[in-house]
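Trainee: got a sequence here, can you build the structure:
(one chain, ligands or ions: 1)
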Amino acid sequence: MNIPDFLDPSLWLRSDAGPRYIQLRQRLTDGVDQDILKPGASLPPEREIASITGLSRVTVRKAVKSLAEDGIIVQKQGFGSFVADDTPQIEQSLSRLTSFTEDMTRRGMVSASLWLERGVFMPSPDEVLALALSPDASVSRVARLRTADNKPMAIERASLPTEILPNPLEVTTSLYEVLAARGLRPVRALQKISAINLGPADAGLLEIDEGEAGLRIERTSYLADGRIAEFTQSIYRGDAYNFVAELRLAKDTET
Ligand code: 16G
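Mentor: Residues are numbered from 1 along each chain as shown. Next up, the predicted model:
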């Protein structure tokens with residue numbers, strides 16, 4: 001059901017059911033509970049709610065204000081009102097080589113994974129190239145939907161040479177922990193980040209609408225001896241991640 005239909009007053013407004021702003025407040029709360037008003041979605045402007053419901057703008061304003069006081073709605077000066085969004089906001093440094101598990105633990109969140117693929121396979125041409133594999137080599141794949149406090153955050157598809165990770169089934173929580181235990185934790189990585197609009201399958205896994213913004217990240221990690229340890233293609237939720245890089249003045253431009 002769309003929002004104007006949901007707010008049709010014949011469905012919920014009663015002359016004998018108490019103050020009208022409380023009834024509108026309840027209707028909007030029901031809209032949030034039933035996911036008709038989705039987290040982060042903007043509420044129609046006050047004048048539109050007034051015209052759909054036949055209520056005065058003062059009544060509408062009072063209902064929205066009371067929802068804002070309870071944290072159900074967030075009012076942004078000059079932008080309007082939005083359904084509060086409990087998606088965790090992650091500020092991720094671009095200069096530290098950390099694992100998903102470490103990143104979430106440091107933020108006091110519980111990380112978990114849903115397995116999408118785990119095993120030893122024939123490499124794809126992309127994997128042969130990215131991992132510099134010999135033509136007859138096989139590849140270990142560890143593909144997961146990563147969650148933080150039960151919210152889907154990223155889809156990560158890691159490919160590793162089998163000499164680095166012979167048995168992908170060993171990975172139960174942290175890939176980097178398993179690599180560290182083998183003395184093969186990556187020490188350096190190159191990362192490429194680009195913007196995408198999510199296709200239906202990825203959007204479904206990340207529990208957001210198709211076409212929403214996402215970040216595609218490719219990480220190639222290296223061991224201290226220069227060998228390639230990992231090639232990971234990830235899709236991160238665009239609404240949950242902020243990548244932060246520290247910039248310094250280049251030596252040759254310093255005066
Ligand atoms: C990070 C890495 C990913 C790595 C994973 C290991 C990015 C974009 N990706 O999420 O390449 O495979 O950590 O995490 O940062 P784990 O040790 O928790 O399995």
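Trainee: quick check: residues of the stretch 101-250 of the chain near the ligand?
Mentor: Residues of the stretch 101-250 of the chain lying near the ligand by CB under 6 Å from any ligand atom: Thr101, Glu156, Ala158, Ser174, Leu175, Tyr176, Glu177, Ile217, Arg219, Glu230, Thr232, Ser234. Backbone N, C-alpha and C define where each C-beta goes, glycine included.
Trainee: got the phi and psi for the third one?
Mentor: In other words, Ala158. As for Ala158, its main-chain torsions (degrees, to the nearest 10) stand at phi -100, psi 140.
Trainee: ranges for the strands of this protein?
Mentor: Ranges of strands in the chain, per DSSP state E, are 73-76, 80-83, 90-93, 111-121, 139-148, 151-161, 188-197, 213-222, 228-237, 241-244.
Trainee: what's the first one packed up against?
Mentor: In this structure, strand 73-76 makes packing contacts with helix 57-69, strand 80-83, judged by 3 or more CB pairs under 8 Å, 6 or more residues apart in numbering; DSSP states H and E.
Trainee: so for the shortest one, what's the average pLDDT?
Mentor: The average pLDDT for strand 80-83 rounds to 90.
Trainee: buried stuff in it?
Mentor: Ser81, Phe82, Val83 (16 or more other CB atoms under 10 Å).
Trainee: how close does the last one get to Tyr241?
Mentor: Okay, so that is Val83. Separation of Val83 from Tyr241 (CB to CB, to the nearest Å): 20 Å.
Trainee: cool, the second one as well?
Mentor: Going from Phe82 to Tyr241 by CB to CB gives 19 Å.
Trainee: same question, Trp115
Mentor: Relative to Tyr241, Trp115 is positioned 22 Å away (CB to CB).
Trainee: higher neighbour count, the two?
Mentor: When neighbours are counted by other CB atoms under 10 Å, Trp115 and Tyr241 differ, and Tyr241 comes out ahead with 19 against 11.
Trainee: quick check, pLDDT for the nearest residue to the more buried one once chain neighbours are set aside.
Mentor: Spatial nearest neighbour of Tyr241, chain neighbours left out: Ile90 (5.2 Å); criterion: CB to CB, 6 or more residues apart in numbering. Looking at Ile90, its pLDDT reads 83.
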